[in-house]
Each structure stands twice: as C-alpha cells, then as structure tokens.
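> curious how this folds, go ahead:
(chains A and B)
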Amino acid sequence: MSLLTRASKVNNLKTLQNPPSSNSPFLLPDPVTITNLLLKSNNPESLAQCINTVSPWTPGLVQAILKRLWNHGPKALQFFKLVEDHPSYSHSAIAFDHAIDIAARIRDYKAMWTLVCKMRSMRLGPSPKTFAIMMERYVSAGKADKAVKIFMSMHEYGCQQDLYSFNALLDVLCKSKRAEMAYGQFKVFRGRFRADVVSYNIIANGFCLKKQTPRALEVMKEMIERGVEPTLTTYNILLKGYFRAGQINEGWEFFLQMKKRKLEIDVVTYTTVIHGFGVTGEVEKSRKVFDEMIGAGVLPSVATYTALIQVLCKKDCVENAIIVFEDMLMKGYVPNATTYNVIIRGLCHAEKIDMAIEYMDKMKDDCEPTIQTFNVVIRYCCEDGKIEKALEIFDKMNGGSCLPNLDTYNILIGSMFVRKKSDDLLVAGKLLIEMVGRGFVPRRLTFNRVLNGLMLTGNQGFAQEILRLQSTCGSLPRHFRL
DNA sequence: CTAGGGTTAG
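Numbers count the residues shown, from 1 in each chain, chains lettered A, B, ... in the order given. Down below sits the predicted model:
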C-alpha cells in the first residue's frame, strides 16, 4: 500500500484523481497535512516519497512547512534538502533564510554556512536580512564577537554594509543585554554609517533594557547635541525604561513632561503607562489612565486591552479581567494570541484549569494557540497533579499548530518524578530521546535525573540507551535556549 | 529581521 493511500485511510486526506501532469493521486498542497506526514516519515525513503506525492511545490508552501517544523530542526533541514531535488521547484531566498535560521538555532553552523554558500551560488543572497538572522543566532548562542565579525565580513559575501545592517547589528547586541558593546561599536562606526535617530534609539533602548536609565538619558542628550532630533519613539523608550527599572515616580513625571511639551502622546505611550502602573499594583491608576486616553481621543489597541487585562489578572482578580475581555469583544476588537495567553495564564494561576482549557478552545476561533499557550496549560496541569491531562495535551501538539519546544520537554520531564511511578520514568526517557532527535540539547541535570530514576526503578537497559544518547550530544553546549 | 507598548515561574 502506498504512503498516500495508507495515509488517506488514516487521516481522511483529500486527494485528487488524475492531476494534470501525473497519473497517481496527489495531495492537495495543505501545509498542515503535509507537515504531519513528514513528521511520520522516519526514514529518507518515505520522506522522499512523501515529497514526491505533493504537487505543485510552491515557495509559500515550503515556507509554511518550515515554519511548522520550527521546533524540529533536523527534520526541517532534511525536508529543505530533499525538496530542492523536486524537478518543478526551486528554493526562494526566504526559504533559504528560514533554513539558515533553523540550522543556526540547532547550532549546526556547518549546515548554516553550506546553505549560505548555496544561496550565493544561486544568486539569491545572502542579503542583509540573512546576516541579521545569523548575527542574532550567534549572539543568542553567546558568541557576540562572532556576530560583529560576520558583520565586518559581509561585503566578502557580496552583501553591502549599510546603515540598515549596522542598526541591525546594534539591535541584536542590545536585545541580548550587550548595550555597552553596542555603544562601543556605535562610537567607532557612527561616522562611517551616518548613524541616525534609529541608531540612537536602539542604543537608548539597550541601556533601558539593562535598567540603566541614566545612561539612556545621556544617549538622548548626546543625540540632541549632535543635531539628531528625538522622536516620540525616543520618549516612549525612556518612559518604558523608567517603569522597567522600577522608577515609577520618575516614569510618571516623564509622562507629565511629555504631555506638557505638547508631544502627540500616542497609544504606545498610554499602553506603557497602563502596564507600568499596573504591575506595581496601582490598578486604579491604570484604569484611570485607560479612561484618560479614551477622553483624549486616543483609541486603545489590542495591546492596550491586553496590558489592562494582565494587570487585572495579576493584581486584581481574573473575573474582573474577563469583564474587560468581554468589553473588548463587544467593542469589536479581535483578541490575539497574547491576549488569550494572558487570560489563560490568569485562569491557571487562579486554579481554574478547566476554564483555561475552555479558553484555549475558544481561542481557535480567533487565532492559533501558541507554544506559550501549551506550555502554560501543561505546566499548571502538572502542578495540579493532572499529569495524564498534561500528556494528553502534549500529544495533541504533534499534528497541531505548533510542536513542543525545549520548555515543553523540560516541564513534562520534570513532572515525571513526582508520582514515583516506574512507568512515568519510561515516559521521561522516551521524551528525552524525542527531544534530542528534534535538535534540542537537554541539560546535564535532566539527563542525570532521568538516568537515576531509571536505575532506581530497575530499568538498567533503558538507562544504558539514554547514556549512549547523552554521549552523542555531550560535547554540545549544555544550555540551549530558544 | 533598522527603533517604542501587551505573554515567562520562584
């Protein structure tokens, strides 16, 4: 029985008879179905067969599948390599960028550079965007120097260094809390790349992220001295910086100054203040500012509502948060995944897990549940002792909108020790094997806990298998995040 | 994927 006919029996796939250029039935190009088939294909032959079953392959389809395989790097790269042999398809620059991102994420830098070379030989890049991706990955792997180095060598790959890519470098450094390093680069190259208001804003935000508001203020002074006029974005960055650093009074004063100077306060400004006050417990002030913005004729956004809802969840009660949620629906807003995640987290926190799961179902009408949705619900199920329920939700992720990530595995494996059941440890071992197969590198602690557990429950054979697995990825960095 | 607001636990 062919892969397709077997699969169509199982999954009730839609098939077409007599397609234009083939005499076998082929799949309608639906990314969800194809991704699920790819996930089930455990050897190169069935994978290739699965790819040949689809027609036509388009750049959009390949991108959608790569996105779905985001948390299964090895499979994504395997797919990327096989689909390029398909006669009627040729990779787009965007697909290359995705694949490069994925290779870097699982720290397969050799594969990453191979892709860069291939991309170049096909004259599809690498583009400044490609470099931004690689710089971000190097920085998040703790290799900031390497990121600077590849920025410096961009031109050797036929990619022009310009203000855009320079700002991208600064941003990547700042977002990883390396504001000082970014500022160093900035001082050296600001003349050469003609640093603009965006460059200054990135640096100011970098200091704000490190809660160094005085430094951010200095950057703002410096830009004025050099004839670069701050924008509303600059002020919003500083405002957020004060709240983030816990300088509530300074934040409020800064907000008053902004109004006094007749800056056109926008929805971002208000949202910053609503959130800033709320998280310190000043719920009434939050609500007041919310009313004030409406009075001032500034329309709240979904983010504004989400901020207020989160504040109520954390500092008031989830019931009041739901009232605001309903109010936002009535006004015609469509909540997005962040809004739902905030409500779902609030419900979980109030130990209303069944209701949280109801909201997760309701969410599907407006947007897809995200990895955060699953992780929150799974985490609280586990904490509540509902481990079967957690595993049931976990199972639904394969074939759903997103695959489990490192956090998901850590949460589940961690909860396999609480019941002191031998079977749970077998599940933990199975999860460990699965996560390694998907390109994640478990911490040494995780390995040790599972190994000890298996030994204690008399599963020496399985423990040996896990030990062999550990040795295959022992040389890799121990901490692998996002 | 050149800048600002809303998701992460103890």
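> show me the helices in the stretch 151-300 of chain A, by range?
Using DSSP state H, counting those that start in this stretch, the helices of the stretch 151-300 of chain A run over residues A:163-175, A:179-189, A:197-209, A:213-225, A:232-244, A:248-260, A:267-279, A:283-295.
> who touches the fifth one?
Think helix A:232-244. The set of residues external to helix A:232-244 that reach it, using C-beta atoms under 8 Å, 6 or more residues apart in numbering, is A:197, A:200-201, A:204-205, A:207-209, A:211, A:213, A:216-217, A:220, A:223, A:248, A:250-251, A:254-255, A:258, A:263-266, A:268-269, A:272-273, A:275-277, A:279. Glycine gets a C-beta too; all of them are placed from N, C-alpha and C.
> and for the second one?
Residues outside helix A:179-189 that contact it (C-beta under 8 Å, 6+ apart) are A:144, A:148, A:166, A:169-170, A:173-174, A:195, A:199, A:202-203, A:206-207, A:209-210, A:212, A:215, A:219.
> again, but for the third one
Contact with helix A:197-209 is made by A:163, A:166-167, A:170-171, A:173-175, A:177-179, A:182-183, A:186, A:190, A:193, A:213, A:215-216, A:219-220, A:222-223, A:228-231, A:233-234, A:237-238, A:240-241, A:244-245, as judged by C-beta under 8 Å, 6+ apart.
> with just CA atoms, put stretch A:39-56 into PDB.
Written as PDB, here are the backbone C-alpha positions of stretch A:39-56 (Å, rounded to 0.1, in the frame of the first residue of the first chain):
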ATOM      1  CA  LEU A  39       6.700  14.100  10.900                       C
ATOM      2  CA  LYS A  40       5.600  10.500  10.500                       C
ATOM      3  CA  SER A  41       8.200   9.600   7.900                       C
ATOM      4  CA  ASN A  42      11.100   8.300   9.800                       C
ATOM      5  CA  ASN A  43      13.500   7.400   7.000                       C
ATOM      6  CA  PRO A  44      14.800   9.200   4.000                       C
ATOM      7  CA  GLU A  45      12.900   6.900   1.600                       C
ATOM      8  CA  SER A  46       9.500   7.600   3.000                       C
ATOM      9  CA  LEU A  47      10.300  11.300   3.300                       C
ATOM     10  CA  ALA A  48      11.300  11.400  -0.300                       C
ATOM     11  CA  GLN A  49       8.200   9.500  -1.300                       C
ATOM     12  CA  CYS A  50       6.100  11.900   0.700                       C
ATOM     13  CA  ILE A  51       7.700  14.900  -1.000                       C
ATOM     14  CA  ASN A  52       7.000  13.300  -4.400                       C
ATOM     15  CA  THR A  53       3.400  12.900  -3.600                       C
ATOM     16  CA  VAL A  54       2.900  16.600  -3.400                       C
ATOM     17  CA  SER A  55       2.400  18.800  -6.500                       C
ATOM     18  CA  PRO A  56       2.900  21.600  -7.100                       C
END
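> buried stuff in that stretch?
Counting neighbours by 16 or more other C-beta atoms under 10 Å, one finds that the buried residues in stretch A:39-56 are A:39, A:40, A:41, A:47, A:48, A:50, A:51, A:52, A:53, A:54, A:55.
> report the rounded mean pLDDT for it.
When pLDDT is averaged over stretch A:39-56, the result is 90.
> now it, how far from the centre of its chain.
Mean-position distance between stretch A:39-56 and its chain equals 27 Å (C-alpha atoms, centre = their mean, to the nearest Å).
> about what we covered before: between the buried residues of stretch A:39-56, which sits nearest residue A:377?
Taking C-beta to C-beta as the measure, residue A:377 lies nearest residue A:39 of the buried residues of stretch A:39-56, at 21.6 Å.
> next structured bit after whatever helix or strand that closest one lives in?
Secondary structure assignment for residue A:39, by DSSP states H and E: helix A:31-40. Beyond helix A:31-40 on the C-terminal side, the first helix or strand identified by DSSP H and E is helix A:44-53.
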